[in-house]
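A.B. asks: Requesting a structural model of the entry that follows:
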Amino acid sequence: MRCSTCGETLQPGTVQCPTCGTATPVGMALTRPAGVRRCPRCSYQGEGIPYFRRAGHVGLLVALSIPTYGFGGLIYWLARRKHLICPRCGLGWEHASRALAFAGPGSERRMIEGRVSEEPLPGTGIKRRVLGTVLVLGATALILAGIFAPALPAVVVGGVVGAAGSLSFYWGWTGQQARRKAIMQGLQRSILRLATAKGGTLTVTEVAAELNLSLPAAEKILTSMDDGFRVRSEITKEGILYYEFPEVRHRKELGPGA
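C.D. replies: From the prediction side, this is the model:
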């Protein structure tokens, strides 16, 4: 193993480079809090904050609650209450790498989906999200009309329609998240098979060429898999960055049944 900063040869288990002091993957894993990540959108490095700490999200919660008698706000709160976001730009902390790994052109995203889909992918949920949005807007119009008329039945019907729209939108959103998760898992399986075929080491260029990805997309998926143990990044004397899969590379040394 070599230091990612100065290239110094390190002994297995070293937590800090003796030459430049840079923490190794082992040292980072021992000392870095589990919640510390690097935001790929704004490069912020630290821990995420609760979703509803941002004023904009609180405002949206209130806006959904008023026309739906609290049903829309309650569903929104239940869906997002455990989520963390980047304190600088608001990117979803738990889905940051997954969301941006496929943020390229639509043609590349469709190609990726077709490449990794060993079995049918979950639906995108776009129809349910559109339906939910239409229902919520219609409910808002009904409630406003009932308030200004005044007409209590219109307000009640608007509240029910708004609650149904909120549920429909949440159903579509969960479908979208399930699809993203399936795509990520498919890409990881493809990379693991490629690593096995290549003897346990891969470069970004190899992954991009074999899976028909752009270089940034290949780099992001490999970075998301790099945990310092099962997948770790190394630098050669020539300064070439590669990713090592120790469990694949040293499998023969374990012997049958190990």
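A.B. asks: only C-alpha atoms for contact and neighbour calcs from this point on.
C.D. replies: OK.
A.B. asks: where does the stretch 151-258 of the chain dip in pLDDT?
C.D. replies: By pLDDT under 70, the low-scoring segments of the stretch 151-258 of the chain are 254-258.
A.B. asks: Strands along that one, start to end?
C.D. replies: Secondary structure of the stretch 151-258 of the chain (DSSP state E, counting those that start in this stretch): strands at 201-202, 232-235, 241-244.
A.B. asks: Make JSON lines out of the ones you listed and add distance to Val130.
C.D. replies: Formatted as JSON lines, the strands of the stretch 151-258 of the chain follow (distance: least, C-alpha to C-alpha, whole Å):
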{"stretch": "strand 201-202", "distance to Val130": "41"}
{"stretch": "strand 232-235", "distance to Val130": "42"}
{"stretch": "strand 241-244", "distance to Val130": "41"}
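A.B. asks: Out of those strands, flag the one nearest Gly56.
C.D. replies: Among those, the nearest to Gly56 by C-alpha to C-alpha is strand 232-235 (38.1 Å).
A.B. asks: quick revisit: figure out which of the strands of the stretch 151-258 of the chain is closest to Ser214.
C.D. replies: strand 201-202 (15.3 Å).
A.B. asks: buried residues in stretch 167-181?
C.D. replies: By 16 or more other C-alpha atoms under 10 Å, the buried positions in stretch 167-181 come out as 167-173, 175-181.
A.B. asks: Out of the strands of the stretch 151-258 of the chain, the one nearest Ser65 is which?
C.D. replies: Among the strands of the stretch 151-258 of the chain, strand 232-235 comes nearest to Ser65, with 46.5 Å by C-alpha to C-alpha.
A.B. asks: Please convert the buried residues of stretch 167-181 to JSON lines, extending it with distance to Tyr243.
C.D. replies: Output for these, formatted as JSON lines (distance: C-alpha to C-alpha, whole Å):
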{"residue": "Leu167", "distance to Tyr243": "43"}
{"residue": "Ser168", "distance to Tyr243": "42"}
{"residue": "Phe169", "distance to Tyr243": "40"}
{"residue": "Tyr170", "distance to Tyr243": "38"}
{"residue": "Trp171", "distance to Tyr243": "38"}
{"residue": "Gly172", "distance to Tyr243": "36"}
{"residue": "Trp173", "distance to Tyr243": "34"}
{"residue": "Gly175", "distance to Tyr243": "32"}
{"residue": "Gln176", "distance to Tyr243": "30"}
{"residue": "Gln177", "distance to Tyr243": "28"}
{"residue": "Ala178", "distance to Tyr243": "28"}
{"residue": "Arg179", "distance to Tyr243": "27"}
{"residue": "Arg180", "distance to Tyr243": "24"}
{"residue": "Lys181", "distance to Tyr243": "22"}
